[in-house]
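Visitor: sharing a sequence plus its predicted fold:
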Amino acid sequence: MSDLDVIVIGAGHNGLTCAAYLAVAGLRVRVLERRGVVGGAAVTEEFHPGFRNSTAAYAVSLLQPKVIGDLKLHDHGLRIVERRAQNFLPLPDGRYLLSGEGRTEREIAKFSAKDAARYGAYQAEIGRVAEVLRSLVLEAPPNLALPHIELGRLAGIARRLWRNDAVAAALRLLRQSAGDLLDGWFESDPIKAVLGFDAVVGHLASPYTPGSAYVLLHHVFGEVNGRRGLWGHAIGGMGAITQAMARAARGHGARIDLDAAVREIIVEHGRIAGVVLHNGTPIRARAVVANVDPKHLFQALLPPGAVPRAVAARMKIWKAGSGTFRMNVALSKLPEFSALPGTGDHHTAGIILAPNLAYMDRAYRDCVDHGWSRAPIIEMLIPSTLDDSLAPPGAHVASLFCQHVAPRLADGSWDAHRETVADLMIDTVEAYAPGFKSSVIARQSLSPLDLERIFGLPNGDIFHGALTLDQLFSLRPMRGHADYRMPLPGLYLCGSGAHPGGGVTGAPGHNAAQAVIADLVPTEPSP
């Protein structure tokens, strides 16, 4: 007999969220983390002496307010600040668009008065669908597998959309490309580029790929400090979020072991009985919650003979690979953009280097043809403009989130091409901000292969699996098991491969914990 109720594999933000909720419920919880630091992809690390940055995940908006409140993350040191502007789009011709509260329509009007007038209606339509999506994030999707198809719950979702006057918009967002959606709303390229970037970030696709409109929607349902649709930064980097989560979990009795990689999940008599560490040590528990991607769970951690045939077939076609190249850069000074010289609010924004949707489409096609785009899409953030703890006085750190690169290269390993592509990314920024290249003190370059090796992101996929219609909602990760309970009794999934998908949300961890609690914690009999 084990004295443990639950083992959580992986101390990423969802694993920590799950562990904290389970510990609050009185369960005996042990978290096993492969790396020497908690946080998974939401971690702050020093990448050059004196320079720290959010190494992988880099911005805050999607983190669920309920998770923040329930786990009292602010009491555990979390502080999130808003950007002073939301997005900055410098253009090659010297013009720019700077979006943010109180300025977006005025900025759009520089390019099209018609678009400025329509922007409010676009936001209202997207907002109606996003409102329903928010209501679905913290609950398990309806079961669509026989014999327990939950038609009543499906009808309830339809009623929510109907009440919000969002049925037609939701259908468009699910089947349309982001490009077609935005072309139908707007005539000027800059606003379409700013909005369309959300459809390709972390998503290996063209903005004209059918279904990419949903990926756009996935990135707009968040909020910062109670203000919806905004993005911000955690003071101390993204690691401040997961450090606060770890403190919450430990405060309620959860144990977190570092440098404790799991080699195998133990299956006895058809149900989960614990895990075996890489050093051969067995640890037994009533349940195991996996904060890993579904493919790794079923193809690497479980004994092959224990995986049901239908599950094995599903994992063979599971799509993962987001085409992301990630860089952290130490800077001697702030970049000076040709389109907007000097310092200002634009330095706190998400800086998008991709002037139009056609450019983004070419970037994708170039990646497919050549392995990486010769004219890449880059979002640059400079978090040290909002948090001076990240760099020495007068210096700065920048995050470069770059698209599109192939998860696997046909002509060799990413180890052979990493620095060539990193040079391209720096040169791309230099074209918009002359002098940027000479201000680079040091850089950290992470290819899709590095993201997989370091953080366990399959093929560099920040979502643990593509956000396509056949891998969403009741089909994530597979029909009949979207409720976080996997096909083997005692096994649960709490990572981004579960509903609602990727991003630093805490939602899969929260939802998986509710399933475990329902299964393991006895309920009080009714009086």
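Guide: Alright, I've got the coordinates.
Visitor: for this structure, which helix is longest?
Guide: When the chain is parsed with DSSP state H, its longest helix is helix 113-137.
Visitor: by contact count, what packs against that helix?
Guide: Applying 3 or more CB pairs under 8 Å, 6 or more residues apart in numbering; DSSP states H and E, one finds that helix 113-137 contacts helix 104-109, helix 151-163, helix 167-175, helix 178-185, helix 212-218. For every residue, glycine as well, the C-beta is placed using N, CA and C.
Visitor: mind pulling up the pLDDT for residue 125?
Guide: Here, the pLDDT recorded for residue 125 equals 89.
Visitor: residues contacting the closest residue to it other than its chain neighbours?
Guide: In space, and not counting its chain neighbours, residue 125 is closest to residue 169: 4.9 Å by CB to CB, 6 or more residues apart in numbering. Residue 169 makes contacts with 125, 126, 128, 129, as judged by CB atoms under 8 Å, 6 or more residues apart in numbering.
Visitor: turn those into JSON lines, columns for distance to residue 438 and neighbour count.
Guide: Formatted as JSON lines, these follow (distance: CB to CB, whole Å; neighbours: other CB atoms under 10 Å):
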{"residue": "125", "distance to residue 438": "45", "neighbour count": "19"}
{"residue": "126", "distance to residue 438": "41", "neighbour count": "22"}
{"residue": "128", "distance to residue 438": "48", "neighbour count": "18"}
{"residue": "129", "distance to residue 438": "45", "neighbour count": "26"}
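Visitor: and which of these is nearest residue 464?
Guide: Nearest to residue 464 among the contacts of residue 169: residue 129, at 23.5 Å, using CB to CB.
Visitor: highest mean neighbour count out of the helices and strands packed on helix 113-137?
Guide: Ranked by mean neighbour count under mean count of other CB atoms under 10 Å, the helices and strands packed on helix 113-137 are led by helix 212-218, which reaches a mean of 25.
Visitor: and stretch 18-35, how far apart are its ends?
Guide: 18 Å (CA to CA, to the nearest Å).
Visitor: how far does that stretch sit from the chain's center?
Guide: Centre-to-centre, stretch 18-35 and its host chain are 22 Å apart (CA atoms, centre = their mean, to the nearest Å).
Visitor: for stretch 377-393, same thing?
Guide: Worked out by CA atoms, centre = their mean, stretch 377-393 lies 19 Å from the chain centre.
Visitor: mind checking how far the longest helix of the chain is from the chain centre?
Guide: The answer for helix 113-137 is 21 Å, by CA atoms, centre = their mean.
Visitor: can you tell me which of the contacts of residue 169 lies closest to residue 450?
Guide: For the contacts of residue 169, the residue nearest residue 450 by CB to CB is residue 126; the value is 34.1 Å.
Visitor: how close does that closest one get to residue 73?
Guide: 28 Å (CB to CB, to the nearest Å).
Visitor: which stretches of this protein have low pLDDT?
Guide: Residues of the chain that meet the criterion pLDDT under 70 lie in 1-2, 524-527.
Visitor: buried sites along stretch 115-132?
Guide: For stretch 115-132, the neighbour count (16 or more other CB atoms under 10 Å) marks 115-116, 118-119, 122-123, 125-132 as buried.
Visitor: the spatially closest residue to residue 312 that is not a sequence neighbour: what secondary structure?
Guide: Spatial nearest neighbour of residue 312, chain neighbours left out: residue 298 (6.8 Å); criterion: CB to CB, 6+ apart. At residue 298 the chain is in helix, as set by DSSP: H, G, I helix; E, B strand; the rest coil.
Visitor: give the burial count for residue 298, as a bare number.
Guide: Other residues near residue 298 come to 28 when the count uses other CB atoms under 10 Å.
Visitor: ok, residue 25 next?
Guide: 18.
Visitor: secondary structure element for the closest residue in space to it that isn't next to it in sequence?
Guide: Once flanking residues are discounted, residue 25 sits nearest to residue 517: 4.8 Å by CB to CB, 6+ apart. Following DSSP states H and E, one finds residue 517 within helix 507-520.
Visitor: try residue 364
Guide: helix 357-370.
Visitor: so which elements touch that helix?
Guide: Secondary-structure packing of helix 357-370 (3+ CB pairs under 8 Å, 6+ apart): helix 178-185, helix 189-200, strand 372-381, strand 396-405.
Visitor: quick one: those as TSV, columns for distance to residue 312 too.
Guide: Formatted as TSV, these follow (distance: least, CB to CB, whole Å):
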stretch	distance to residue 312
helix 178-185	33
helix 189-200	31
strand 372-381	32
strand 396-405	29
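Visitor: among those, which comes closest to residue 452?
Guide: With CB to CB as the criterion, residue 452 lies closest to strand 396-405 of those, at 12.9 Å.
Visitor: report the angle between the closest one and helix 357-370.
Guide: 70 degrees (axes from the mean of the first three to the mean of the last three CA atoms, to 10 degrees).
Visitor: now do strand 396-405 and helix 189-200, the angle between them.
Guide: Counting by the same axes, to 10 degrees, strand 396-405 lies at 80 degrees to helix 189-200.
Visitor: what pairs with strand 396-405, parallel or antiparallel?
Guide: Strands that pair with strand 396-405, judged by DSSP bridges, come out as strand 325-331 (antiparallel), strand 372-381 (antiparallel).
Visitor: I'd like those as a markdown table, with mean neighbour count and distance to residue 350 appended.
Guide: Formatted as a markdown table, these follow (neighbours: other CB atoms under 10 Å; distance: least, CB to CB, whole Å):
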| stretch | mean neighbour count | distance to residue 350 |
| --- | --- | --- |
| strand 325-331 | 25 | 15 |
| strand 372-381 | 22 | 5 |
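Visitor: mind putting those in JSON lines, distance to residue 93 included?
Guide: Shown next, in JSON lines, are the strands paired with strand 396-405 (distance: least, CB to CB, whole Å):
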{"stretch": "strand 325-331", "distance to residue 93": "26"}
{"stretch": "strand 372-381", "distance to residue 93": "16"}
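Visitor: wait, which of the helices and strands packed on helix 357-370 is closest to residue 483?
Guide: Here helix 189-200 is closest among those (CB to CB), at 28.1 Å.
Visitor: before we move on, the earlier item: residue 9: which of the helices and strands packed on helix 113-137 is closest?
Guide: Nearest to residue 9, of the helices and strands packed on helix 113-137 and by CB to CB, is helix 212-218 at 25.2 Å.
Visitor: how near is the residue nearest to residue 25 to residue 287?
Guide: Per CB to CB, residue 517 is found 10 Å from residue 287.
Visitor: residue 193 too?
Guide: Counting by CB to CB, the gap from residue 193 to residue 287 is 46 Å.
Visitor: please apply the same query to residue 402.
Guide: For residue 402 relative to residue 287 (CB to CB), the value is 39 Å.
Visitor: also residue 72?
Guide: Taking CB to CB, one finds residue 72 at 25 Å from residue 287.
Visitor: quick one, which of the two is more surrounded?
Guide: residue 287 (25 against 14).
Visitor: returning to that earlier point: closest one to residue 64 among the helices and strands packed on helix 113-137?
Guide: Comparing those by CB to CB, helix 212-218 comes nearest, at 13.9 Å.
Visitor: residues making contact with whichever helix or strand comes after the closest one?
Guide: Next in sequence after helix 212-218, counting helices and strands by DSSP H and E, comes strand 223-224. Identification of contacts with strand 223-224 by CB under 8 Å, 6+ apart yields 60, 61, 65, 80, 82, 229, 230, 231, 232.
Visitor: skipping its backbone neighbours, what lies nearest the fourth one in space?
Guide: Once flanking residues are discounted, residue 80 sits nearest to residue 232: 4.9 Å by CB to CB, 6+ apart.
Visitor: how many residues are close by the spatially closest residue to residue 134 that is not a sequence neighbour?
Guide: Closest residue to residue 134 apart from its sequence neighbours, by CB to CB, 6+ apart: residue 221 at 5.2 Å. By the measure other CB under 10 Å, the count of residues near residue 221 is 24.
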